[in-house]
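A.B. asks: below are the sequence and a predicted model for it; my questions follow.
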Amino acid sequence: MAEPGQNLSTRHLLGIKDLNENDIRLIFETADTFKDVLNRPIKKVPSLRDVTIANIFFENSTRTRLSFELAQKRLSADVINFAASSSSVSKGETLIDTVNNILAMKVDMIVMRHPYPGAGVFLSRKVNAQIVNAGDGAHEHPTQALLDAFSIREKYGDVAGKKVAIIGDILHSRVALSNILCLHKLGAEVMVCGPTTLIPKYIHTLGVKVEFDLLKALQWCDVANMLRIQLERQDIKYFPSLREYSMLYGLNKQILNSLDKEITIMHPGPVNRGVEITSDVADSKQSIILDQVENGVAIRMAVLYLLAGQKP
Amino acid sequence: MQNLTLLDGQKFQITIKRLCHQLIENHNDFSDSVILGIQPRGPFLAARIAAELQNILPATKILNGNLDITFFRDDFRRREGPLVPNATKIDFIIEGKKVILVDDVLWTGRTIRSALDAMLAFGRPAKVELLVLVDRRYSRDLPIEPNYIGIQVDSVNSQKVIVNWKEADSEDKVILLSEK
């Protein structure tokens, strides 16, 4: 159990690499309580009533932004939302100017998604507010990794010793890197699987197994985390066609039934049904995709609560 | 530090029994009443009270739960670190019931204020009463007073009242700690 008054070892949440195992366990234990709160008739607590949070999204997002916004509102924080596409950023304003203008309105915390890796780290060195990284390019997506690991812990009781295969577009995925770091810190074994063109060359240096055959990866793992093909990040063709990708790396009921065990299916969303995963698999009882979404709010509440509780 | 034992041994048990009889006077068969121990130390007293009531009234079902107030406290962001929550366990409806809030020590009244807020997330009780083992008189920050009191203590802010429970601390004892 976490000790009373225990703090996160970091002032910002920029990436899983900044968290230690105790931090992750503290976040999980706090999220357990928030999950309980979310199942009560009144799903709101007043903890962050004097905190103002700005969600600044320089990249499109649906579930992450909604999940953060709901978490903030459940904690009674004041929330302002900002989408770069409809703002003065399109008129040429710099990131620092944009954020400093927001901070001048007495904002305490920034939740930021940005297309460039390291944008959160850069901002944390330039401004005084606490920064939560909601995804920076193909670098990290820490709250997604935390909620994924939390969902595995919920399903199996513990993450340690579990075998997790991350399958799909590893090269362009921020979820993959954060997941690898988080799962390793909690004692899980991790494998990445996908076409050779979508597996980074030196990924084995992170201590993961690499597999190019989907069936072998599925036979090895307890949990398959299926990733979306990030066509929006692909400036060249990495595979001949979506149809071919789907035939070689798409998860369908036939493959699942051919396994001699029942594995758990995860997906960070949004799901491209029929590409990386078929509808019957996405909606099957083995899938915990909607649990991940539910856990996302509790995990984000825990992160915001623990960060806001630190003295400025 | 100087220790003064305020309550222990048989007197400790008698105090809990006396509190139970006082509760029975007002709550009869407890069919409309529930007990909520305020985390982290109230549940020890609440469990003792519930067990003793069950002993005195064997045919009665005593509903006893634990209420965590962490997210409703008024000192969040005013302390060094965040407050780590405890578990809330309320497996019954409190809507329309008479709720007996239970805590080991009543001091400033801020915990009880938070508990009243936290409790409302579970429904609107018909009535709320407060039972404490130790009432530190003349030290209230808020206009909150208990309905049932184990013992009353006159103390200054620098003193501490510690309640030890057999379940957690190997003995039942109430101690007043004073700086020499």
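C.D. replies: That came through, no problem. Residues are numbered from 1 along each chain as shown, chains lettered A, B, ... in the order given.
A.B. asks: all contacts plus neighbour counts: C-alpha atoms, from now on.
C.D. replies: Will do.
A.B. asks: please, where are all the strands along the chain?
C.D. replies: Unless you meant another one, I'm taking chain A. A:52-57, A:78-83, A:109-114, A:130-136, A:163-167, A:189-193, A:209-211, A:223-226, A:264-266 (DSSP state E).
A.B. asks: actually, chain B is the one I wanted.
C.D. replies: For chain B, applying DSSP E gives strands covering B:2-8, B:33-38, B:63-67, B:98-106, B:127-137, B:148-154, B:160-164, B:173-178.
A.B. asks: quick one, which of those is nearest to chain A?
C.D. replies: strand B:63-67 (11.8 Å; C-alpha to the nearest C-alpha).
A.B. asks: now that closest one against strand B:98-106, angle please.
C.D. replies: 50 degrees (axes from the mean of the first three to the mean of the last three C-alpha atoms, to 10 degrees).
A.B. asks: for the lengthiest helix in chain A, which helices and strands make contact with it?
C.D. replies: In chain A, taking DSSP state H as the definition, the longest helix is helix A:289-308. Helices and strands touching helix A:289-308, by 3 or more C-alpha pairs under 8 Å, 6 or more residues apart in numbering or on different chains; DSSP states H and E, are helix A:21-38, helix A:63-74, helix A:142-156, strand A:264-266.
A.B. asks: now the ones you listed as CSV including mean pLDDT, distance to chain B and mean neighbour count?
C.D. replies: Shown next, in CSV, are the helices and strands packed on helix A:289-308 (pLDDT from 0 to 100; distance: least, C-alpha to the nearest C-alpha, whole Å; neighbours: other C-alpha atoms under 10 Å in any protein chain shown):
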stretch, mean pLDDT, distance to chain B, mean neighbour count
helix A:21-38, 95, 7, 20
helix A:63-74, 96, 11, 20
helix A:142-156, 98, 17, 23
strand A:264-266, 97, 28, 22
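A.B. asks: those into a markdown table, with extra columns for distance to A:Gln6?
C.D. replies: Formatted as a markdown table, the helices and strands packed on helix A:289-308 follow (distance: least, C-alpha to C-alpha, whole Å):
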| stretch | distance to A:Gln6 |
| --- | --- |
| helix A:21-38 | 8 |
| helix A:63-74 | 21 |
| helix A:142-156 | 19 |
| strand A:264-266 | 31 |
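A.B. asks: mind checking which of the ones you listed is nearest A:Asp283?
C.D. replies: Nearest to A:Asp283, of all these, is strand A:264-266, at 9.9 Å by C-alpha to C-alpha.
A.B. asks: show residues contacting that closest one.
C.D. replies: A:Asp148, A:Asp222, A:Val223, A:Ala224, A:Asn225, A:Met226, A:Ala282, A:Gln286, A:Ser287, A:Ile288, A:Ile289, A:Gln292 (C-alpha atoms under 8 Å, 6 or more residues apart in numbering or on different chains).
A.B. asks: now with 10 Å, please.
C.D. replies: Applying C-alpha atoms under 10 Å, 6 or more residues apart in numbering or on different chains, the set of residues contacting strand A:264-266 from outside is A:148, A:151-152, A:155-156, A:164-166, A:221-227, A:251, A:256, A:277, A:281-292.
A.B. asks: give me the buried entries from those.
C.D. replies: Among the contacts of strand A:264-266, those buried by neighbour count (16 or more other C-alpha atoms under 10 Å in any protein chain shown) are A:148, A:151-152, A:164-166, A:221-227, A:251, A:256, A:277, A:281-282, A:287-289, A:292.
A.B. asks: what's the angle from the longest helix anywhere in chain B to strand B:127-137?
C.D. replies: Counting by DSSP H, the longest helix found in chain B is helix B:9-27. Calculated by the same axes, to 10 degrees, helix B:9-27 forms an angle of 150 degrees with strand B:127-137.
A.B. asks: off-centre distance for helix B:9-27?
C.D. replies: Taking C-alpha atoms, centre = their mean, to the nearest Å, one finds helix B:9-27 lying 14 Å from the centre of the chain it belongs to.
A.B. asks: need the contact partners of it.
C.D. replies: Applying C-alpha under 10 Å, 6+ apart, the set of residues contacting helix B:9-27 is B:6-8, B:28-30, B:33-34, B:45, B:48-54, B:56-57, B:98, B:100, B:131-133, B:147-151, B:171-174.
A.B. asks: okay, now residue 61: neighbour count?
C.D. replies: If you meant another chain, say so; for now it's chain A. Neighbour count of A:Ser61, defined by other C-alpha atoms under 10 Å in any protein chain shown: 14.
A.B. asks: not what I meant, chain B
C.D. replies: Using other C-alpha under 10 Å, B:Lys61 has 15 neighbouring residues.
A.B. asks: report the separation between A:Val175 and B:Ser170.
C.D. replies: 48 Å (C-alpha to C-alpha, to the nearest Å).
A.B. asks: care to break chain A down by domain?
C.D. replies: A:12-140+A:293-309, A:142-288 (the TED database).
A.B. asks: other SSEs contacting the lowest-mean-pLDDT helix or strand in chain A?
C.D. replies: For chain A, the helix or strand with the lowest mean confidence is helix A:95-103, at a mean of 88 (criterion: mean pLDDT, DSSP states H and E). Helix A:95-103 sits against strand A:52-57, strand A:109-114, helix A:119-126, with contacts defined as 3 or more C-alpha pairs under 10 Å, 6 or more residues apart in numbering or on different chains; DSSP states H and E.
A.B. asks: touching, B:Asp103 and B:Glu129? I think so.
C.D. replies: No: look at B:Asp103 against B:Glu129 with C-alpha atoms under 10 Å: they stay out of range, at 11.4 Å.
A.B. asks: tell me the centre residue of the chain?
C.D. replies: By default, I'm working from chain A. Compute the mean C-alpha point of chain A, and by C-alpha atoms, centre = their mean the closest residue is A:Gln144, 1.4 Å away.
A.B. asks: my question was about chain B, not that one.
C.D. replies: Short answer for chain B (C-alpha atoms, centre = their mean): B:Asp103, at 1.3 Å.
A.B. asks: returning to that earlier point: tell me which of A:Val175 and B:Ser170 has more neighbours.
C.D. replies: Higher neighbour count among A:Val175 and B:Ser170: A:Val175, with 23 against 9, using other C-alpha under 10 Å.
A.B. asks: contacts only, for the more buried one.
C.D. replies: By C-alpha under 10 Å, 6+ apart, A:Val175 lies in contact with A:135, A:138-145, A:148, A:166, A:225, A:227, A:268.
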